[in-house]
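Enquirer: Provided below are the primary sequence and the corresponding predicted coordinates.
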Amino acid sequence: MIKIEAIVREEKMEDVKAALNEIQVNGFTVTQIMGCGTQRGYTEYVRGSKIDVFLKPKIKFEIVVSSEDWEIKVIDAIQKAAFTGDPGDGKIFSYEIRNAVRIRTGETGYDALQSEFL
Ligand SMILES: Nc1ncnc2c1ncn2[C@@H]1O[C@H](COP(=O)(O)OP(=O)(O)OP(=O)(O)O)[C@@H](O)[C@H]1O
């Protein structure tokens, strides 16, 4: 099993949700987070006042899939949906995970994922 973490712009949350629904991934976690990338430590003017911005609000998606084919499909969908071409579009990470458990049934591993599409 592979976990994909995608950190995207707040305003791209609905587009990414729609893209995941489109490819029939409906099990995922969304969290409001703060983060910084290469834009770290720049200056912004808010209502005439200068502020040093370090962390910016972002949205994190977490999706666990059962195969590399699904990993590619999910990453491709997120990349297209979250893209603007401007700095700060975000990052996608993926890594292997050891196990999953469906609490209701006790199923583990692949069986614990939503088997009708993964
Ligand atoms: N090396 C990293 N480790 C963990 N999280 C990271 C890392 N780099 C970026 N992030 C997370 O990704 C978010 C988005 O990063 P950001 O888009 O600014 O990346 P970037 O590499 O600077 O891209 P860009 O060149 O498009 O600005 C950050 O706010 C942070 O939450």
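Expert: Right, received. Where do you want to start?
Enquirer: could you check how far the spatially most distant residue from the centre of the chain is from the ligand?
Expert: Relative to the centre of the chain, the most outlying C-alpha is that of residue 48, 33.6 Å out, by Cα atoms, centre = their mean. According to Cβ to the nearest ligand atom, to the nearest Å, residue 48 and the ligand sit 26 Å apart. Every residue, glycine included, has its C-beta placed from N, CA and C.
Enquirer: same deal with residue 82?
Expert: Relative to the ligand, residue 82 is positioned 9 Å away (criterion: Cβ to the nearest ligand atom).
Enquirer: for residue 89, same thing?
Expert: According to Cβ to the nearest ligand atom, residue 89 and the ligand sit 5 Å apart.
Enquirer: burial check on residue 103, number of neighbours?
Expert: 7 (other Cβ atoms under 10 Å).
Enquirer: how about the residues of the chain by the ligand?
Expert: 7, 35-39, 56, 58, 87-91 (Cβ under 6 Å from any ligand atom).
Enquirer: narrow the residues you listed to those that are buried.
Expert: Buried residues within these, counting neighbours by 16 or more other Cβ atoms under 10 Å: 7, 35, 56, 58, 90.
Enquirer: pretty sure the last one is touching residue 82, no?
Expert: The one in question is residue 90. Yes. Counting by Cβ atoms under 8 Å, a contact exists between residue 90 and residue 82, whose distance comes to 5.6 Å.
Enquirer: give me the common contacts of those two.
Expert: With contacts defined as Cβ atoms under 8 Å, 6 or more residues apart in numbering, the residues shared by residue 90 and residue 82 are 6, 8, 9, 12.
Enquirer: and the second one, its phi and psi?
Expert: The phi and psi values for residue 8, taken as degrees, to the nearest 10, are phi -130, psi 170.
Enquirer: what pLDDT does the model give it?
Expert: Per-residue confidence for residue 8 comes out at a pLDDT of 98.
Enquirer: that one pairs with what?
Expert: The partner list for residue 8 in beta bridges (DSSP bridges) reads residue 59, residue 90.
Enquirer: could you pull up the residues touching it?
Expert: 16, 58, 59, 60, 61, 78, 82, 89, 90.
Enquirer: I appreciate the help and will end here.
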